[in-house]
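Undergrad: Turn this into a model:
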Amino acid sequence: MRSFHLISGLLALTIALVLSGCSAAKLAYNNAPDLSYWWLDSYLDLGDAQGARLRTDLTTLHGWHRQNELPLYIGTLENLRRLAPTNVTPEQACDLGDGFQARFQSLLNQAEPALLSLAQNTKADQLTHLAQQFEKHNKKWRTEWTEGSPTERTARRQKQLVDRVEMLYGRTEEPQMAVLRAALATSGFDADWRYRDLLRRQQDTLATLRRVVEGQLSEAALKVEVRALITRIGESPDAGYRNYAARMTLESCRTLAALHNSTSPAQRRTFQDRLQGYETDARTLVAAGR
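TA: As a prediction, the model looks like this:
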């Protein structure tokens, strides 16, 4: 199966908790196994036996995440709350990103048995369905990122960034808008690079699963193949794309630091208050699983 979707789906629910701090986010986290199952089913059109096994695996993974990963997010939130009143450097912003990447990798490793089980039981008709769903997703991606004039595409990116900033700091003011305009004007973002790597991951996944369906892989070889696929999904084998991704990461760290440093004392207090609320929610979720 497309392991990237399972992991990114679960991770998105975790980030929803961290970045929303509302009852809806807590409800989503508590129902993560069901939400993840429905989402995966839309890509693979699961059979009854597959679905039953996947539900069990997702429930187990969710329990592990609640007890082992959420406490680590609480630590991150505490550190963020301490930093909130001060200016930050791009290096500090990148350290935060590295911490989330470590949590992503931990979840990825824990999910490997579930991915292996699902891959072993994939059917030929499900590959056809998966390819169709990929193309449906790609069409939506192209609409969002490549259609329209450069001015229209930049406006969409700016709106997306403003929405994210306002989740944390409240209403954006002119200093933050100035930072965003400057960042977008000089950004090295390249939709074509992103799209080519998206297609590469999809074709890699389909090719790997096709070898499984055709009986070309032993159980031991399957484990090696799935682990290698997970690695290639997480980090492109294309050196050019890796260099591009590294530049974009540094660019994001600089923009995040500049945005935070442009905020007023009132905005930083809003940030602190929201972080405190997220931390409280996370502690409630951890306690509920004991």
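Undergrad: So for stretch 133-142, what gets flagged as buried?
TA: By neighbour count on 16 or more other C-beta atoms under 10 Å, the buried set for stretch 133-142 is Q133, F134. C-beta here means a position set from N, CA and C on the backbone, and glycine is covered the same way.
Undergrad: Give me the residues contacting that stretch.
TA: Residues from elsewhere that reach stretch 133-142 (C-beta atoms under 8 Å, 6 or more residues apart in numbering): R2, S42, Y43, Y195, L198, L199, Q202, L206.
Undergrad: repeat for stretch 224-238
TA: Residues outside stretch 224-238 that contact it (C-beta under 8 Å, 6+ apart): 3-4, 104-105, 108, 112, 115-116, 119, 197, 200-201, 204-205, 208, 211-212, 217, 242, 245.
Undergrad: Got a quick PyMOL command for the buried subset of those residues?
TA: Selection command for PyMOL covering only the buried members of the contacts of stretch 224-238, criterion 16+ other C-beta under 10 Å:
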select buried, resi 3+4+104+108+115+116+119+197+200+201+204+205+208+212+217+245
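Undergrad: same for the strand or helix carrying L35, what does it pack against?
TA: In this assignment (DSSP states H and E), L35 forms part of helix 32-44. Using 3 or more C-beta pairs under 8 Å, 6 or more residues apart in numbering; DSSP states H and E, the elements in contact with helix 32-44 are helix 3-20, helix 48-64, helix 124-145.
Undergrad: per-stretch mean pLDDT over those, give me the minimum one.
TA: Lowest mean pLDDT within these: helix 3-20, at a mean of 40.
Undergrad: And stretch 116-129, what's buried?
TA: L116, L118, A119, N121, T122, Q126, L127.
Undergrad: Pull the number of nearby residues for the residue lying closest to the last one once chain neighbours are set aside.
TA: Computed as C-beta to C-beta, 6 or more residues apart in numbering, the closest residue to L127 that is not its neighbour in sequence is L209, at 5.8 Å. With neighbours defined by other C-beta atoms under 10 Å, the count for L209 comes to 24.
Undergrad: With just CA atoms, put the helix or strand harbouring L209 into PDB.
TA: Assigned by DSSP H and E, L209 belongs to helix 191-213. Extracted in PDB, the C-alpha atoms of helix 191-213 (Å, rounded to 0.1, in the frame of the first residue of the first chain):
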ATOM      1  CA  ALA A 191       5.800  23.300  -8.300                       C
ATOM      2  CA  ASP A 192       7.200  21.200 -11.100                       C
ATOM      3  CA  TRP A 193       9.900  19.700  -8.900                       C
ATOM      4  CA  ARG A 194       7.200  18.900  -6.300                       C
ATOM      5  CA  TYR A 195       4.900  17.300  -8.800                       C
ATOM      6  CA  ARG A 196       7.600  15.200 -10.400                       C
ATOM      7  CA  ASP A 197       8.600  13.800  -7.000                       C
ATOM      8  CA  LEU A 198       4.900  13.100  -6.200                       C
ATOM      9  CA  LEU A 199       4.600  11.100  -9.400                       C
ATOM     10  CA  ARG A 200       7.900   9.300  -8.600                       C
ATOM     11  CA  ARG A 201       6.600   8.200  -5.200                       C
ATOM     12  CA  GLN A 202       3.300   7.000  -6.700                       C
ATOM     13  CA  GLN A 203       5.000   5.000  -9.500                       C
ATOM     14  CA  ASP A 204       7.500   3.500  -7.100                       C
ATOM     15  CA  THR A 205       4.700   2.300  -4.800                       C
ATOM     16  CA  LEU A 206       2.700   0.800  -7.700                       C
ATOM     17  CA  ALA A 207       5.700  -1.000  -9.100                       C
ATOM     18  CA  THR A 208       6.600  -2.500  -5.700                       C
ATOM     19  CA  LEU A 209       3.000  -3.600  -5.100                       C
ATOM     20  CA  ARG A 210       2.800  -5.100  -8.600                       C
ATOM     21  CA  ARG A 211       5.800  -7.300  -7.800                       C
ATOM     22  CA  VAL A 212       4.000  -8.500  -4.700                       C
ATOM     23  CA  VAL A 213       0.800  -9.200  -6.500                       C
END
